[in-house]
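[1] Whatever this is, show me its structure:
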Amino acid sequence: MRAVRTAAITLAALCLAGSPAGLAHAQDNVSAEDETFVTSAHQSNLAEIAAGQDAGENATTQCVKNVGAALVRDHTRLDESLTELADRFGIPLPDAPTEEQQRQLAEVQAEAGTPAYDEKWLLTQAAAHEATLALIDRELDAGTNADVKAAAEAARPVVEMHLEMVRDGVCHD
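    Numbering: from 1, shown residues only. Modelled structure (predicted):
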């Protein structure tokens, strides 16, 4: 009798694994590409939030201040989604931008309060958003987790819009 019950439980487990609920659970797995995207996009969001806040304090033109405010607003929202995904999938997130991102902001800050700040800020943001688009496109091409890919897809138009606001170091708010 015990063997029959064990066999029934095993069969039920196998059936559940093949059911849509079981398949949904199987899709919760994230690939190395997915983890890289979540971690790198999170650090990019942190960098953009910091850069936007800095522009609000140190830019000389209202346009750069406006774009900075948009970066803070939009990247905060994007990062909330990424943080939820990271929590759900157990992906550890760093608590700061990369050293390179921090170095770039420090270089921009060295020109604080001058027209050179605005120019350098815009060029730095253009390069950063181009790099983020490349990161998103890699996830869309090589990622395996549907939820992580959906986050990348949702972020793409926001990042494209930001790039248009700073393209070629010219401010468009």
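[2] Before we move on, what's the pLDDT of S81?
    On pLDDT, S81 comes in at 94.
[3] List the residues that contact it.
    Residues in contact with S81 (C-beta atoms under 8 Å, 6 or more residues apart in numbering) are 151, 154. C-beta here means a position set from N, CA and C on the backbone, and glycine is covered the same way.
[4] Please tell me how far it sits from E99.
    25 Å (C-beta to C-beta, to the nearest Å).
[5] Quick check: V166 touching E119?
    No - contact between V166 and E119 fails when scored by C-beta atoms under 8 Å: they sit 10.8 Å apart.
[6] of the two, who's got more company?
    Taking other C-beta atoms under 10 Å, V166 and E119 do not tie; V166 has more neighbours (25 against 18).
[7] give me every residue that touches the more buried one.
    Contacts of V166 by C-beta under 8 Å, 6+ apart are 67, 122-123, 125-126, 129, 172.
[8] Just the helices from the protein, written as ranges.
    In the chain, the helices defined using DSSP state H lie at 2-18, 20-26, 32-58, 62-89, 99-109, 115-142, 146-166.
[9] Check these for me and report the most buried one.
    helix 32-58 (a mean of 21; mean count of other C-beta atoms under 10 Å).
[10] Since that was my last question, I'll sign off now.
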